[in-house]
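Engineer: Pasted the sequence and its predicted model underneath.
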Amino acid sequence: PWTLLQAGQEYFTMPRVSVLRSFVMNHLIHHRGQLTVYLRLRNIPLPPLSGPTATLLPPQKVLFGGGADPWARHRAELYDPEQPDSWETKGNLLAPRYRHAAVLLPSGEVLVAGSLFAASTAEIYDPETGTWKPTGNLREPHGIATAVLLPSGKVLLRGATDENPSWVSEIFDPASRAWS
């Protein structure tokens, strides 16, 4: 169990998986919702996406990938905030993605991993060529996933499935394109 303390006062104690599901996953969903509201309030056309990842690409474009809608699960689109009507389809993801993770790699590529529909797979988007390539299967399924770029340039992926609610971690090494 995890305990939240402030100045020695206990606020709550919960199982680790409950903390991650309720705080971390809800936080991610909340910020995706904030981005959607922000874009719509600025009268920026937004396709009817539900649950995609949004990855900021240099210099200032956003790659949206996947989603809950059946037609959007394979979809990837690039958005340019400087040109509000600039939605550009960037090919299809290799696997359907929803509740997946995406992270910008130091090379400028985007790693996408996990999904309720393809929990054991990962792929990389190359913005130079606009193509998607597989990275090999994950060691464990990640039906619900989150990822972060580590200072080493490697990626920490954390996730779980309904069948196995215990969160598991894996490391992706962009140099070797391998999971450990």
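Structural biologist: Received the coordinates, thanks.

Engineer: pLDDT weak spots in the chain?
Structural biologist: 18-41, 44-51, 68-72, 162, 164-165 (pLDDT under 70).

Engineer: what about the strands in this protein?
Structural biologist: Here the chain has its strands, by DSSP state E, at 2-6, 9-14, 53-57, 61-65, 75-79, 88-92, 101-104, 110-113, 122-126, 131-134, 144-149, 155-160, 168-173, 178-179.

Engineer: For Asn43, find the nearest of those.
Structural biologist: Asn43 sits nearest to strand 75-79 of all the strands of the chain, at 14.0 Å, using CB to CB. The C-beta positions use only the backbone N, C-alpha and C, and glycine is treated the same way.

Engineer: what sits against the residue sitting nearest the centre point of the chain?
Structural biologist: By CA atoms, centre = their mean, the chain has its centre lying nearest to Ala101, at 2.2 Å. Residues in contact with Ala101 (CB atoms under 8 Å, 6 or more residues apart in numbering) are 53, 112-114, 142, 145-147, 157, 159.

Engineer: one more time with 10 Å
Structural biologist: Counting by CB atoms under 10 Å, 6 or more residues apart in numbering, Ala101 makes contact with 28, 53, 111-115, 122, 142, 144-148, 155-159.

Engineer: quick revisit: got TSV for the strands of the chain, with distance to Asn43 too?
Structural biologist: Listed next are these as TSV, based on distance: least, CB to CB, whole Å:
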stretch	distance to Asn43
strand 2-6	40
strand 9-14	41
strand 53-57	18
strand 61-65	17
strand 75-79	14
strand 88-92	19
strand 101-104	26
strand 110-113	27
strand 122-126	28
strand 131-134	31
strand 144-149	31
strand 155-160	35
strand 168-173	38
strand 178-179	42
